[in-house]
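Asks: The sequence and its predicted three-dimensional model are supplied below.
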Amino acid sequence: MSIIDTVKDIKRVTIHDIVMIKIGKFVYTYGKDACIISYIFNYKIKLVQNNIYVSAFPRNNLNKIIATLENKKINYIILDKRNSYRTDEKSDNKNLNNYDKYLNKAITYVKRKKNREDIYNILLKEIENEKIEETIKLVRKVINERGKI
């Protein structure tokens, strides 16, 4: 069974908890949980198999992550792959859980970030094209009209 399949099984039970899995020197989050972690901590997020997102951070950042999640009242569960995904730690805020609130913000954030990266990659690909200056001027004009530059 792949790790993504394992996470899917775990998420069936912990729908509104961020599932973090210790694997070696890193801690991984998958799917919607990866979006939330990326949003809150500005960690990189990567699209992997079957349109599943993954975000990872160094294990030595775990205490900072836990403190922030507890402060924001977001439920979490930490599993260790070495111990057959046994629970190392868990937080349950009951009815005060803000998982859904942060999930909605995170999904919007990830979509916007992806759009920005797509635009950047298109511009970078066309950098040697003489007409790129026209495109850049148009982009700047739109931004200026919105009062952002």
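Replies: Everything's here; your move.
Asks: what ranges of the chain fall below the confidence cut-off?
Replies: Low-confidence regions of the chain, defined by pLDDT under 70, span residues 1, 148-149.
Asks: for it, what spans make up the helices?
Replies: Along the chain, counting by DSSP state H, helices occupy 3-13, 32-41, 62-71, 99-125, 132-145.
Asks: Ile40 reaches Thr68, doesn't it?
Replies: Yes - counting by CB atoms under 8 Å, Ile40 does reach Thr68; the two are 6.5 Å apart. Every residue, glycine included, has its C-beta placed from N, CA and C.
Asks: So which of the two has more stuff around it?
Replies: Between Ile40 and Thr68, counting by other CB atoms under 10 Å, Ile40 is the more crowded of the two (18 against 13).
Asks: Next, find the distance separating the residue nearest to Phe26 when sequence neighbours are not counted from Val142.
Replies: In this structure, Phe26 finds its nearest non-sequential neighbour in Ala56, 4.6 Å apart by CB to CB, 6 or more residues apart in numbering. Per CB to CB, to the nearest Å, Ala56 is found 35 Å from Val142.
Asks: quick one: which of those two has more around it?
Replies: Neighbour tally, Ala56 and Val142, criterion other CB under 10 Å: the higher count belongs to Ala56, 21 against 10.
Asks: quick one: the more buried one and Val27 touch, right?
Replies: Yes - counting by CB under 8 Å, Ala56 does reach Val27; the two are 6.6 Å apart.
Asks: So which residue is smack in the middle of the protein?
Replies: Central residue check for the chain by CA atoms, centre = their mean: the C-alpha nearest the mean position is that of Cys35, 2.6 Å away.
Asks: Please identify the most buried of the helices of the chain.
Replies: helix 32-41 (a mean of 23; mean count of other CB atoms under 10 Å).
Asks: now the angle from that one to helix 99-125?
Replies: Computed with axes from the mean of the first three to the mean of the last three CA atoms, to 10 degrees, the direction of helix 32-41 lies at 80 degrees from that of helix 99-125.
Asks: Please report how far the residue of the chain positioned farthest from its centre lies from Ile136.
Replies: Distance from the centre of the chain peaks at Glu130, with 36.4 Å (CA atoms, centre = their mean). Distance, Glu130 to Ile136, using CB to CB: 12 Å.
Asks: If anything else comes up later, I'll come back, but that's it for now.
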